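Asker: Need coordinates for the below:
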Amino acid sequence: MDRWISTTIGAQATLQRGFDITRKEQRYGPFPVISSGGVSSFHDEPKVKGPGVILGRKGVVGSVYFQRTDYWPHDTTLWVKDFHGNDERFVYYFFCSIADRLADLDVGSANPTLNRNHVHPIQLSWPPLQYQLKVAELLGSLDDKIELNRRMNETLEAMAQAIFRDWFVDFGPTRRKINGANDPVEVMGGLIVDPARALLLAGQFLGFGDDGMPVGWHQKGLDQIADFLNGLALQKFPAGEDADSLPVVKIAELRNGVTDKSGRASRSVPTKYIVKDADFLFSWSGSLLAKFWTGGEGALNQHLFKVSSDEFPAWFYSLWVQHHMAEFQQIAASKATTMGHIQREHLRAAKVVCPPSNALTAMTAVMGPLVERTVHNSIENKALAQTRDLLLPKLISGEILLRDVEDHLEAAQ
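Answerer: Predicted structure coming up:
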């Protein structure tokens, strides 16, 4: 069959309720237990062979997941029991394209609930398998690149954290020198494998001084190495109906990105309160977290710091903020009578170890590219996701021709 047909969802993807399993019944293993909110745990046996498509049934309605390997669909989900010969990944993208419609089918009172009997009868136009395969390949290539970048960032961030801890917390190179290491790569703990770069860096770590730090190094408060600019009460800068505006960056946006539900502010906010890609933001109240912003231009709301420095590079102050994050979160959690937060005195009390300027320059040649690449990957992922989300409903419905999209993407590469 090479033409689109008029059919129902149930005739193309039959849904089945998932299987209940308690935490007590689970035995840790390689198979994900997928609940309405995503992977919730792992078990030593699966219930369904992959690849599979899973929908949120209870608790989170409108969620859609694709699982390549065997899995256990939890009772809070619906899973595709029969694909009727259709491509599994295309079916996944189809359900993604109607996620909002699925959420509107909620029949729960207190707890959101999706009934498969309300999904199966929905009428739709369905494409032939050859078209499905091409659409799944195109959209899948975007998702695969997003996943590759995400995993690369995990590796880069782990590398940066390992090097930071070795240099600034454990003083590893200095200790290894004292213990007799002479080879520069060995002095640097094997974390810097290029001999020339290892030689340059190893020379920056001398013996220990009387203060217990490497010779020439000194200590400062966190607030002394960077400026922590607190955001504004942006209700004072309302967005006009016709005026160009900025999304308001609050804690929710810092965590999940800008959405249609994000507030808007006028562009008349002072320039220093406009955040841009690669700015380092730190929420000091409520849910404490810090990250490089990659959501485009926005207006900095109160309860968020924009962190910057004229003296120290971004990798340096960002890693020191992250180093003290657990301590800051503990301070915030101890404020039981108010919304958890930290104060500037806590920034002052958080100590930072600063190397001499020539050592910092040599370190930046290593650390700077690691952090810059993670930011680049995150920005690229945002663009890839926007392209996917723009194409998704149009390709699934046949609104745009597949060959036109392929030609456009090929020309853009």
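
Asker: Tell me, how many residues neighbour residue 353?
Answerer: 16 (other Cβ atoms under 10 Å). From N, CA and C alone the C-beta is placed, and that goes for glycine too.

Asker: roughly how far apart are it and residue 246?
Answerer: Computed as Cβ to Cβ, to the nearest Å, the residue 353 to residue 246 distance reads 37 Å.

Asker: go on, residue 121?
Answerer: Using Cβ to Cβ, residue 121 is found at 44 Å from residue 246.

Asker: So which of the two has more stuff around it?
Answerer: Neighbours were counted for residue 121 and for residue 246 using other Cβ under 10 Å; residue 246 has more, 25 against 10.

Asker: Now do the same for the residue sitting furthest away from the middle of the chain: helix, strand or coil?
Answerer: What lies farthest from the middle of the chain is residue 210; by Cα atoms, centre = their mean that is 42.6 Å. Per DSSP: H, G, I helix; E, B strand; the rest coil, the secondary structure class of residue 210 is coil.

Asker: And for residue 287, nearest residue in space, chain neighbours not counted?
Answerer: residue 251 (5.5 Å; Cβ to Cβ, 6 or more residues apart in numbering).

Asker: Same check on residue 373?
Answerer: In space, and not counting its chain neighbours, residue 373 is closest to residue 156: 5.7 Å by Cβ to Cβ, 6+ apart.

Asker: Now for that neighbour, which secondary structure element holds it?
Answerer: helix 129-164 (DSSP states H and E).

Asker: Show me where the stretch 1-150 of the chain has its helices.
Answerer: Secondary structure of the stretch 1-150 of the chain by DSSP state H, counting those that start in this stretch: the helices cover 9-12, 88-97, 99-104, 116-119, 129-164.

Asker: Serialize the ones you listed to a markdown table and add fields for mean pLDDT, mean neighbour count and distance to residue 343.
Answerer: Converted to a markdown table, the helices of the stretch 1-150 of the chain look like this (pLDDT from 0 to 100; neighbours: other Cβ atoms under 10 Å; distance: least, Cβ to Cβ, whole Å):
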| stretch | mean pLDDT | mean neighbour count | distance to residue 343 |
| --- | --- | --- | --- |
| helix 9-12 | 98 | 18 | 54 |
| helix 88-97 | 97 | 23 | 43 |
| helix 99-104 | 93 | 14 | 40 |
| helix 116-119 | 95 | 15 | 51 |
| helix 129-164 | 96 | 16 | 25 |
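
Asker: if we compare those helices, which one ends up closest to residue 226?
Answerer: Evaluated with Cβ to Cβ, the helices of the stretch 1-150 of the chain place helix 129-164 nearest to residue 226, the distance being 15.6 Å.

Asker: and for the following helix or strand past that closest one, what are the contacting residues?
Answerer: Per DSSP H and E, helix 129-164 leads on to helix 172-178 as the next helix or strand towards the C-terminus. Helix 172-178 is contacted by residues 166-167, 186-189, 201-202, 205-208, 214 when judged by Cβ atoms under 8 Å, 6 or more residues apart in numbering.

Asker: ok, now which ones touch residue 223?
Answerer: By Cβ under 8 Å, 6+ apart, the contact list for residue 223 reads 344, 347-348.

Asker: ok, these vs residue 65, which is closest?
Answerer: For the contacts of residue 223, the nearest to residue 65 is residue 347 (40.0 Å; Cβ to Cβ).

Asker: Quick check: closest non-adjacent residue to residue 258.
Answerer: That would be residue 247: by Cβ to Cβ, 6+ apart, it lies 4.4 Å from residue 258.

Asker: do the same with residue 127
Answerer: Ranked by Cβ to Cβ, 6+ apart and with sequence neighbours excluded, the top spatial neighbour of residue 127 is residue 4, at 5.3 Å.

Asker: For that neighbour, give me the backbone phi and psi.
Answerer: phi -70, psi 150 (degrees, to the nearest 10).

Asker: was I right about it contacting residue 124?
Answerer: No. Residue 4 is beyond contact range of residue 124, at 9.8 Å (criterion: Cβ atoms under 8 Å).

Asker: would you turn the helices of the stretch 1-150 of the chain into a markdown table with distance to residue 292?
Answerer: Converted to a markdown table, those look like this (distance: least, Cβ to Cβ, whole Å):
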| stretch | distance to residue 292 |
| --- | --- |
| helix 9-12 | 41 |
| helix 88-97 | 27 |
| helix 99-104 | 28 |
| helix 116-119 | 40 |
| helix 129-164 | 10 |
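
Asker: just for the stretch 151-300 of the chain, where's the confidence low?
Answerer: Counting by pLDDT under 70, the stretch 151-300 of the chain has low-confidence residues at 242-243.

Asker: Let me see the ranges of the strands in it.
Answerer: Taking DSSP state E, counting those that start in this stretch, the strands of the stretch 151-300 of the chain run over residues 218-221, 227-230, 245-249, 264-266, 274-275, 280-283, 289-292, 298-300.

Asker: List just the one of those strands that sits closest to residue 196.
Answerer: The nearest among the strands of the stretch 151-300 of the chain, by Cβ to Cβ, is strand 218-221 at 27.9 Å.

Asker: Tell me the helices and strands packed up against that closest one.
Answerer: Using 3 or more Cβ pairs under 8 Å, 6 or more residues apart in numbering; DSSP states H and E, the elements in contact with strand 218-221 are helix 344-349, strand 351-354.
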